[in-house]
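>>> Sharing a model prediction with you, sequence too.
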Amino acid sequence: QVQLVESGGGLVQAGDSLRLACAASGRTFNYVMAWFRQAPGKERRFVAAINWNGGMTYYADSVKGRFTISRDNAKKMLYLQMNSLKAEDTAVYHCAADISLSFIRATLSDEGEYEYWGQGTQVTVSS
């Protein structure tokens with residue numbers, strides 16, 4: 001069983017930066033981890049993913065170059081550094097865990113690949 005708890009959300013202005021964190025509990029943390037987001041009235045969408053040791057990452061085109069996903073396995077923490085925030089980044093951000101070790105780009109954006117989800121943290125960017 002894995003529990004995920006996000007933190008770090010808030011209200012910022014366009015152009016600002018924010019760092020989200022996701023704390024994981026459980027025996028191990030050797031999972032593929034990802035961030036998804038859900039804007040009001042829209043479906044949840046993939047943001048970024050990272051493999052078990054942080055050696056590989058993958059981003060949605062909409063955040064590439066602005067967001068950075070990282071992890072600290074010793075602390076069982078996942079992070080999302082968000083720079084140059086835009087109003088369209090406003091959403092609830094969820095972290096997710098895929099207990100398999102496979103890191104296949106074609107499936108990383110598929111919600112069904114992830115077994116565990118956090119409750120989310122709200123990010124609001126004012127323009």
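Cool, got the structure.

>>> Give me the distance between the two termini of stretch 60-79.
Using CA to CA, to the nearest Å, one end of stretch 60-79 lies 16 Å from the other.

>>> what are the ranges of the helices in this protein?
Using DSSP state H, the helices found in the chain span residues 105-108.

>>> Report the central residue of it.
Nearest to the mean C-alpha position of the chain, by CA atoms, centre = their mean, lies residue 35 at 1.9 Å.

>>> ok, and what's touching the helix or strand of the chain with the lowest mean pLDDT?
None of the helices or strands of the chain scores lower by mean pLDDT, DSSP states H and E than helix 105-108, at a mean of 90. Contacts made with helix 105-108 from outside it, assessed by CB atoms under 8 Å, 6 or more residues apart in numbering, are listed as 32, 34, 46, 49, 58, 113. All C-beta atoms are positioned from the backbone trio N, CA, C, and that covers glycine.

>>> Report the spatially nearest residue to the first one, omitting neighbours in sequence.
Here the nearest residue to residue 32 in space, its sequence neighbours aside, is residue 98; by CB to CB, 6 or more residues apart in numbering that works out to 4.1 Å.
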